[in-house]
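Enquirer: based on what follows, work out the 3D shape:
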Amino acid sequence: MKKKPIPLIVFILIGGFVGLIIHISPLLFEMDIFRQLTLKESGRYQPEYIFEYDCQEYNFSLLLYQSYYEHFQSSKKQVFSLSDMDENEFLDKYYGIFLSNKIDEKILDEIIQIIQEEISSEDSDNVVLAIVSFVQNFEYNCEKANSYELFNLDPYYDLEYNTNYPYETLYHSIGVCEDTSILLAKLLIKLGYGVALLYFEDEKHMSVGLACADEYSNYESGYCYIETTLPSQIGIVPYIANEIEIKSTPNIIEIAEGKTFNKITQIKKQQEELSNEYGPDILQLAKCQEIELLKEIIQLEKELEPFTTKLMKYEERINKSENKVDYQESILDSYDDQYKEIGIMDTDYQWSLYEYDSACFYIITDEQYAQCTKLYNKAEDKRQALNSEIDDFNSGYYTAYEEYNTTLNEYNNLIDEYNEFTEAYNTQIEPYNEKIEIYNNLLLESYKECSPVKYEPEEQTTVITVHPIEPSIVISEVNSY
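Expert: From the prediction side, this is the model:
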């Protein structure tokens, strides 16, 4: 039987199919299909991680591979579309790239299992607390933050840095807010929770939203805020996150539906109790050691309040007494001028006596007698004026001096009493200052900032010893003539 020739159309279809394969093969490669099939485990790397749960610190390690890290480094990180997209649609697609990748799911499952075993709990809400701490303990990538235009999603923008896949963030245990938020979001999705990314466009900041009861949610969104760049409590928006003051309302990028975080009811009750007793600032802390230290510091401040009040009263009394001493000294100083005036009057009087003695040693004529009488009366007037000034000086000066010494004794007795009190006060305040120093050092470790700004620690109370004033030198009494 004679074979029929293959129709020309078949060759055309085959040729077209082969051409299509050749044409789209780079795109298939770009979509990671070929690379995923050929990905092998090579270049073993085992980083260490830490987290805190129920006031206990845990650590563990993961086996990662350089080949996987390099795969994610060179993987697709842009959205291409033939049609226009609004911002929300674009953000959904963009972050979907990092959250939908299947290759890193094995290592994320391993993390969840390790943490469950470490804390001996399969309650997913408890696991959430541990996983949040795990991500918050990653180092913040200052170099990337300072040189990377965060959230510039232009596919044609030439970036030295770009968004990390979770595996990349795990590999170096470092990232910016975008990187750590994606890692935490994917872990929470693996646990079955409703999750959103909270994008603060004005601040160029990102955090994670965890599905929770509306009454406890942030921004009336149905999601509880979780900061990923520093230790922070669930549901608490930090005042400042890595030098960024968070003021605006976020764009909420909902990425997964799931269960709600029920433990937030218990957490909010604890937060309310803490805030009522110790003030709202304590909710900015997440690590147990820091919280306990601040509670001790606040308790010591309350115990020091009576000392502080008494100290302020002492300082007020000392200030008034010192002003009184200064006033009495100014009065004594005014007598220095009067004393100098007495000296001038005395010199003038002595000169008048000299004139009289010189002219009237021998009186021969009536004319000389009359002249000597005038000279005598002149000297006598000056003597009387001098003695009157001396009497006034002696009575006034010694009255002022006695008042000054009385005031000075009162002042010095008050100073002795104050210095004795400050010794007891300083003994009380020493442990307070020691705890403040430890507390501030802990904060410096936990909340490192990228720019080299000077850290201003909480003010420490200090007391300066005041020394008594020496009495003024007494001027000798002036004798009258």
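
Enquirer: residues contacting residue 228?
Expert: 135-136, 138, 177, 180-181, 183-184, 207-208 (C-beta atoms under 8 Å, 6 or more residues apart in numbering). Just so you know, the C-beta spots here come from the backbone N, C-alpha and C atoms, and that holds for glycine as well.

Enquirer: of the residues you listed, closest to residue 61?
Expert: residue 138 (14.7 Å; C-beta to C-beta).

Enquirer: and the pLDDT at the closest one?
Expert: Looking at residue 138, its pLDDT reads 95.

Enquirer: ok so, going back, let me have the contacts of residue 228 in a markdown table, extended by secondary structure.
Expert: Below are the contacts of residue 228 laid out as a markdown table (DSSP: H, G, I helix; E, B strand; the rest coil):
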| residue | secondary structure |
| --- | --- |
| 135 | helix |
| 136 | helix |
| 138 | coil |
| 177 | helix |
| 180 | helix |
| 181 | helix |
| 183 | helix |
| 184 | helix |
| 207 | strand |
| 208 | strand |
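
Enquirer: want to throw those residues into JSON lines with neighbour count and distance to residue 405?
Expert: Formatted as JSON lines, those follow (neighbours: other C-beta atoms under 10 Å; distance: C-beta to C-beta, whole Å):
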{"residue": "135", "neighbour count": "27", "distance to residue 405": "72"}
{"residue": "136", "neighbour count": "21", "distance to residue 405": "67"}
{"residue": "138", "neighbour count": "22", "distance to residue 405": "71"}
{"residue": "177", "neighbour count": "28", "distance to residue 405": "70"}
{"residue": "180", "neighbour count": "28", "distance to residue 405": "72"}
{"residue": "181", "neighbour count": "26", "distance to residue 405": "74"}
{"residue": "183", "neighbour count": "29", "distance to residue 405": "77"}
{"residue": "184", "neighbour count": "27", "distance to residue 405": "75"}
{"residue": "207", "neighbour count": "28", "distance to residue 405": "70"}
{"residue": "208", "neighbour count": "27", "distance to residue 405": "74"}
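
Enquirer: what's the closest of those to residue 401?
Expert: residue 136 (71.3 Å).

Enquirer: surely that closest one touches residue 230?
Expert: Yes. Between residue 136 and residue 230 a contact is recorded at 6.3 Å, counting by C-beta atoms under 8 Å.

Enquirer: now for the closest residue to residue 166 other than its chain neighbours: which residues touch it?
Expert: Of all residues not flanking residue 166 in the chain, residue 183 sits nearest, at 4.4 Å (C-beta to C-beta, 6 or more residues apart in numbering). By C-beta under 8 Å, 6+ apart, residue 183 lies in contact with 135, 138, 164, 166, 169-170, 175, 228.

Enquirer: ramachandran angles for residue 104?
Expert: Backbone torsions of residue 104, given as degrees, to the nearest 10, read phi -90, psi 0.

Enquirer: wouldn't it be in contact with residue 169 here?
Expert: No. Under the criterion of C-beta under 8 Å, residue 104 is not in contact with residue 169, lying 9.9 Å apart.

Enquirer: which one's more surrounded, the two?
Expert: Here residue 104 and residue 169 are compared on neighbour count by other C-beta atoms under 10 Å; more neighbours surround residue 169, at 27 against 20.

Enquirer: was I right about that one contacting residue 178?
Expert: No. The criterion here is C-beta under 8 Å, and residue 169 misses it with residue 178 at 9.7 Å.

Enquirer: can you confirm residue 254 is in a strand?
Expert: Yes. Using three-state DSSP, the assignment for residue 254 is a strand.

Enquirer: skipping its backbone neighbours, what lies nearest it in space?
Expert: residue 196 is the one closest to residue 254 (C-beta to C-beta, 6+ apart), at 4.7 Å.

Enquirer: contacts only, for residue 200.
Expert: 206-207, 246, 248, 250-251.

Enquirer: the stretch 201-350 of the chain: strands as residue ranges?
Expert: Under the criterion DSSP state E, counting those that start in this stretch, the stretch 201-350 of the chain contains strands at 205-211, 223-226, 240-241, 244-245, 251-256.

Enquirer: of all the ones you listed, which one is nearest residue 51?
Expert: Smallest distance to residue 51 across those (C-beta to C-beta): 14.0 Å, for strand 223-226.

Enquirer: how far is the closest one from where the chain is centred?
Expert: 23 Å (C-alpha atoms, centre = their mean, to the nearest Å).

Enquirer: cool, and stretch 411-427?
Expert: That offset, for stretch 411-427, works out to 34 Å (C-alpha atoms, centre = their mean).

Enquirer: retrieve the pLDDT associated with residue 31.
Expert: 50.

Enquirer: go on, residue 333?
Expert: 84.

Enquirer: so which bits of stretch 48-59 are buried?
Expert: 49, 51-53, 58 (16 or more other C-beta atoms under 10 Å).

Enquirer: and the end-to-end length of that stretch?
Expert: Stretch 48-59 has its terminal residues 7 Å apart, counting by C-alpha to C-alpha, to the nearest Å.

Enquirer: mind listing residues that contact that stretch?
Expert: Applying C-beta under 8 Å, 6+ apart, the contact partners of stretch 48-59 are 60-62, 115, 118-119, 126, 129-131, 133-134, 137, 173, 231, 287-288.

Enquirer: what distance separates it from the centre of its chain?
Expert: On C-alpha atoms, centre = their mean, the centre of stretch 48-59 falls 24 Å from that of its chain.

Enquirer: could you give the mean pLDDT of that stretch?
Expert: Stretch 48-59 comes out at a mean pLDDT of 96.

Enquirer: likewise stretch 291-302?
Expert: 91.

Enquirer: what segments of the stretch 251-400 of the chain are helices?
Expert: 264-278, 288-359, 366-446 (DSSP state H, counting those that start in this stretch).

Enquirer: who are the packing partners of the shortest one?
Expert: In this structure, helix 264-278 packs against helix 288-359, with contacts taken as 3 or more C-beta pairs under 8 Å, 6 or more residues apart in numbering; DSSP states H and E.

Enquirer: quick one: the helix it packs on to helix 366-446, angle?
Expert: On the basis of axes from the mean of the first three to the mean of the last three C-alpha atoms, to 10 degrees, helix 288-359 is oriented at 170 degrees to helix 366-446.

Enquirer: quick check: angle from helix 288-359 to helix 264-278?
Expert: Using the same axes, to 10 degrees, the direction of helix 288-359 lies 20 degrees away from that of helix 264-278.

Enquirer: centre of the chain versus helix 288-359, how much separation?
Expert: With C-alpha atoms, centre = their mean, you get 40 Å for helix 288-359.

Enquirer: in the stretch 1-150 of the chain, what spans have low per-residue confidence?
Expert: 1-38, 80-83, 148-150 (pLDDT under 70).

Enquirer: try 90
Expert: 1-41, 74-94, 122, 141-150 (pLDDT under 90).

Enquirer: just the buried residues of the contacts of residue 200.
Expert: 206-207, 246, 250.

Enquirer: closest to residue 309 out of those?
Expert: residue 246 (37.6 Å).

Enquirer: wait, doesn't that closest one sit right on residue 206?
Expert: No. Using C-beta under 8 Å, residue 246 makes no contact with residue 206, being 10.9 Å away.
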